[in-house]
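> Take a look and give me a structure for this.
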Amino acid sequence: MELTSAQFRNRSKLLLKVFLMCCCILGFGVSIAGCCVLELFTSTSSPVWVPEQFPDTEIVFNAGDGRMGFVNTDGSALTYITIYVNSEDHYKYSTLPVMKNDNSTLFFLLTPITTVHEPLIVGNYEPYVGEGTGKLVVAVQGEFPVVCENWYSGKPQLLSNGLLVLNPVNKTLALYNPADCVDSENALPLKMYDPPMQQHTENGQTETTPQFGYISPNGQLMAYRRGEIVIRELSSGEETIIGEGNYPAWSHDSQWLSYVGHDGIYIVKTDGTEKRRVVESTYTTSMISQHGKKYYIPPWPAWSPDGQWLVYHLYTDTSVRPPAEIPIYKVNVNTGEVIKIVDYGIFPSWRWPAEQPGE
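Okay, here's the model as predicted:
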């Protein structure tokens, strides 16, 4: 009798669990408590399987210590899951999670420990993970998480038919099938983008590099930072300057853009009109002081599917260590109503429904 791939995977996992339990009983240096910890997906020295099913919640966020938090926007169904990823280099810190619309796959970044919190200098917004310094991870439920060794990103961005990827080796911005993560070096893109280019001169050498940006859900626009936030129409190359800030995020209908400015979170229409601040938060009160340095974790917002709310983290106590004591809130962009969702966490994202504009 031939086994299906799912049956084979489940049987393999059962055999592995039996083997580990035997190791515990025989005293191979692994305690029974250690086996229980493995079963509950807490931190271990090797990668562990993703749970058979992710919690069916609206929000996923970084809960620290390798944990991802799952919660609804009313604060219910709060659940934590540890997903440990084995990376052979210095990319160790898991952050910026995004859940696929069918709740089957979690995407997040692995960033270098040394650049977890980028210093913020007035007038110089550097991305939290850097542009192209975070390796993408694909965590499918019931499988081992996979590090896409050749795929880099800012905050992971899912479009209707793929995953946006920055490749710093050949300096391309493209859309890929997430299933190709296993062989990311040889994967063929579903679509290539023509991003704006910028020249950098260092030590007398001039280099031209593409500007990493965020593509609108309808695939027609790109938001990126060039000193100021700029919205570029991909078909014509026409650009609209929005203003100083960083960390853009598109609404589900591609009509609005949110971003983080010096004094809070803003939203603006894609033609540059109706710009307004919806959350007040100056960077000077959002610094964390550690080891004699000040670090900034931007309140990078994410939109609700209906475009009525933004979810974000916000803190004012500069003595805390993230994500401890950093609450997650949602704000109604029309009324300004603010509701706290959870007490601890950073970088929340809102899972959108399966349907996408234009489908």
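> Strands of the stretch 101-250 of the chain, start to end?
105-112, 134-140, 146-153, 158-159, 162-167, 172-176, 191-192, 197-202, 205-210, 214-215, 221-226, 228-233, 239-243, 246-250 (DSSP state E, counting those that start in this stretch).
> what about the residue most central in space within the chain, helix or strand, and which?
The centroid of the chain falls nearest to residue 96 when counting by Cα atoms, centre = their mean (2.7 Å). Residue 96 is located in strand 91-99, with elements delineated by DSSP states H and E.
> Only the buried residues of that strand, if you could.
Under the neighbour-count criterion of 16 or more other Cβ atoms under 10 Å, strand 91-99 has 91, 93, 94, 95, 96, 97, 98, 99 buried. To be clear about C-beta, it is placed using only N, CA and C from the backbone, and glycine gets the same treatment.
> Could you do stretch 163-182 as well?
163, 164, 165, 166, 167, 173, 174, 175, 176, 178, 180, 181.
> again with stretch 224-233
By neighbour count on 16+ other Cβ under 10 Å, the buried set for stretch 224-233 is 224, 225, 229, 230, 231, 232.
> Mind listing what's buried along stretch 136-150?
Quick answer for stretch 136-150 (16+ other Cβ under 10 Å): 136, 137, 138, 139, 140, 145, 146, 147, 148, 149, 150.
> Dump that stretch to PDB, restricted to CA.
Output in PDB follows, covering the C-alpha atoms of stretch 136-150 (Å, rounded to 0.1, in the frame of the first residue of the first chain):
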ATOM      1  CA  LEU A 136      12.900  35.100   4.600                       C
ATOM      2  CA  VAL A 137      11.600  32.100   6.400                       C
ATOM      3  CA  VAL A 138       8.600  30.000   5.200                       C
ATOM      4  CA  ALA A 139       6.900  28.100   8.000                       C
ATOM      5  CA  VAL A 140       4.200  25.700   6.700                       C
ATOM      6  CA  GLN A 141       2.000  24.100   9.300                       C
ATOM      7  CA  GLY A 142       3.100  20.500  10.000                       C
ATOM      8  CA  GLU A 143       6.500  21.000   8.400                       C
ATOM      9  CA  PHE A 144      10.000  22.100   9.400                       C
ATOM     10  CA  PRO A 145      10.400  25.900   8.800                       C
ATOM     11  CA  VAL A 146      12.600  26.600   5.800                       C
ATOM     12  CA  VAL A 147      15.200  29.400   5.500                       C
ATOM     13  CA  CYS A 148      15.200  30.900   2.000                       C
ATOM     14  CA  GLU A 149      18.900  31.300   1.800                       C
ATOM     15  CA  ASN A 150      18.900  33.500  -1.300                       C
END
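> Give me the distance between it and the centre of its chain.
In terms of Cα atoms, centre = their mean, to the nearest Å, the centre of stretch 136-150 is found 13 Å from the chain centre.
> just checking, residue 311 touches residue 349?
Yes. Between residue 311 and residue 349 there is a contact at 7.5 Å, judged by Cβ atoms under 8 Å.
> Find residues that contact each of the two.
Common contact partners of residue 311 and residue 349 (Cβ atoms under 8 Å, 6 or more residues apart in numbering): 59, 302.
> tell me the contacts of the closest residue to residue 91 other than its chain neighbours?
Of all residues not flanking residue 91 in the chain, residue 110 sits nearest, at 4.0 Å (Cβ to Cβ, 6 or more residues apart in numbering). Applying Cβ under 8 Å, 6+ apart, we find residue 110 in contact with 85, 87, 91, 92, 93, 94, 134, 135, 137, 147.
> just for the stretch 51-200 of the chain, where's the confidence low?
88-89, 113-133, 169 (pLDDT under 70).
> Now with 80, please.
For the stretch 51-200 of the chain, applying pLDDT under 80 flags the ranges 65-66, 86-92, 112-133, 154, 160, 166-171, 195, 197-200.
> circling back to that earlier point, now the buried residues of stretch 224-233 as a markdown table including pLDDT and distance to residue 273?
Formatted as a markdown table, the buried residues of stretch 224-233 follow (pLDDT from 0 to 100; distance: Cβ to Cβ, whole Å):
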| residue | pLDDT | distance to residue 273 |
| --- | --- | --- |
| 224 | 90 | 20 |
| 225 | 87 | 20 |
| 229 | 93 | 14 |
| 230 | 95 | 15 |
| 231 | 96 | 12 |
| 232 | 95 | 17 |
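> quick one: which of the residues you listed is nearest residue 332?
Nearest to residue 332 among those: residue 229, at 22.8 Å, using Cβ to Cβ.
> Please look at the closest one and residue 223 and confirm they touch.
Yes. Counting by Cβ under 8 Å, residue 223 is a contact partner of residue 229 at 6.4 Å.
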